[in-house]
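Undergrad: Coordinates only, no sequence provided:
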């Protein structure tokens, strides 16, 4: 099994060929040591690990998000614009790494999933959630342009009018609505969340490997294409508006 101890913002365990990757953000030393950087780099290690056939994404907090502790947020807000832009590039890089990851990924969503949390859920091959979950994007209400990928993802999965309400107007999608829209596979009780996600991950891993991988990557190319249309513009404006962010 690969050594995952260097990913200090993630807790990773492997059992029965399923790697459970738990978001566990901690205070960082600098802007490069972040949960975003760990999420960028971990997919290569998971992909190379012969003992891993699928991945479950979970969260140790009450929210499903690689969010930063307040001290880290203040560090980012006060950083030079070049450093803020570099952080947003890291987010873009981890999204592309996840979208090109060849093994099955299942999200176990345990609480509100805003911004990057929603992306982690819907970039996954399947997702399960509890009734407490809502999906959305809160950038605008905090004085930020939505530069971490919402403008790329939401129009593809819910259409442009609803994406506009979610990203620009602050609306949310409840877990029940997400189930009805086919965005998640199941609603489960909190104590059933990881077992159900693990079951789905194992089922997907049992599919013919090459057909699954090729079909998954081809579908994910729609996200990659969408990122070329909108992400750089939104990220540039978020890098600028971070200086007045009301974290």
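TA: Perfect, thanks for sending it. Note that the structure is predicted; figures quoted are calculated from it, not measured.
Undergrad: show me the contacts for the residue most central in space within the chain.
TA: Geometric centre of the chain, nearest residue: residue 120, 2.1 Å, by Cα atoms, centre = their mean. For residue 120, the contact set (Cβ atoms under 8 Å, 6 or more residues apart in numbering) comprises 57, 64, 65, 66, 98, 107, 113. Glycine gets a C-beta too; all of them are placed from N, C-alpha and C.
Undergrad: any idea which helix or strand comes after the strand or helix carrying it?
TA: Residue 120 belongs to helix 116-123 when elements are defined using DSSP states H and E. Using DSSP H and E, the helix or strand that follows helix 116-123 in sequence is strand 126-129.
Undergrad: ok, residues contacting whichever helix or strand comes after that next one?
TA: Sequence-wise, the next helix or strand beyond strand 126-129 is strand 134-136, with elements assigned using DSSP H and E. Contact partners of strand 134-136, identified using Cβ under 8 Å, 6+ apart, comprise 112-114, 117-118, 121-122, 166, 170-175, 178, 183.
Undergrad: Give me the secondary structure label for residue 14.
TA: Local secondary structure at residue 14 is given as strand here, using DSSP: H, G, I helix; E, B strand; the rest coil.
Undergrad: ok, it - contacts?
TA: Residues in contact with residue 14, defined by Cβ under 8 Å, 6+ apart, are 1, 20, 49, 51, 52.
Undergrad: Show me just the buried residues among those residues.
TA: A residue is treated as buried here by neighbour count (16 or more other Cβ atoms under 10 Å); on that basis the buried members of those are 20, 49, 52.
Undergrad: Tell me how many other residues crowd the closest residue to residue 137 other than its chain neighbours.
TA: Taking Cβ to Cβ, 6 or more residues apart in numbering, and ignoring the residues beside it in sequence, residue 137 has residue 150 as its nearest neighbour in space, at 4.3 Å. Summarising burial for residue 150: neighbours were counted as other Cβ atoms under 10 Å, giving 27.
Undergrad: what residues are up against residue 150?
TA: Counting by Cβ under 8 Å, 6+ apart, residue 150 has contacts 115, 118, 119, 137, 139, 163, 166, 167, 234.
Undergrad: who wins for most neighbours among those residues?
TA: Greatest neighbour count in the contacts of residue 150, by other Cβ under 10 Å, goes to residue 118: 31 neighbours.
Undergrad: which residues touch that one?
TA: If you count contacts by Cβ under 8 Å, 6+ apart, residue 118 has them with 135, 136, 137, 150, 153.
Undergrad: One more: residue 48?
TA: For residue 48, the set of contacting residues under the criterion of Cβ under 8 Å, 6+ apart consists of residue 2.
Undergrad: Can you give me the buried ones in stretch 74-88?
TA: Of the residues in stretch 74-88, those buried under the neighbour-count criterion (16+ other Cβ under 10 Å) are 75, 76, 79, 83, 84, 85, 87, 88.
Undergrad: CSV for those residues, including distance to residue 35, secondary structure and pLDDT?
TA: As requested, these are exported to CSV (distance: Cβ to Cβ, whole Å; DSSP: H, G, I helix; E, B strand; the rest coil; pLDDT from 0 to 100):
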residue, distance to residue 35, secondary structure, pLDDT
75, 13, helix, 72
76, 12, helix, 72
79, 16, coil, 75
83, 16, helix, 78
84, 16, helix, 77
85, 18, helix, 78
87, 11, helix, 79
88, 14, helix, 80
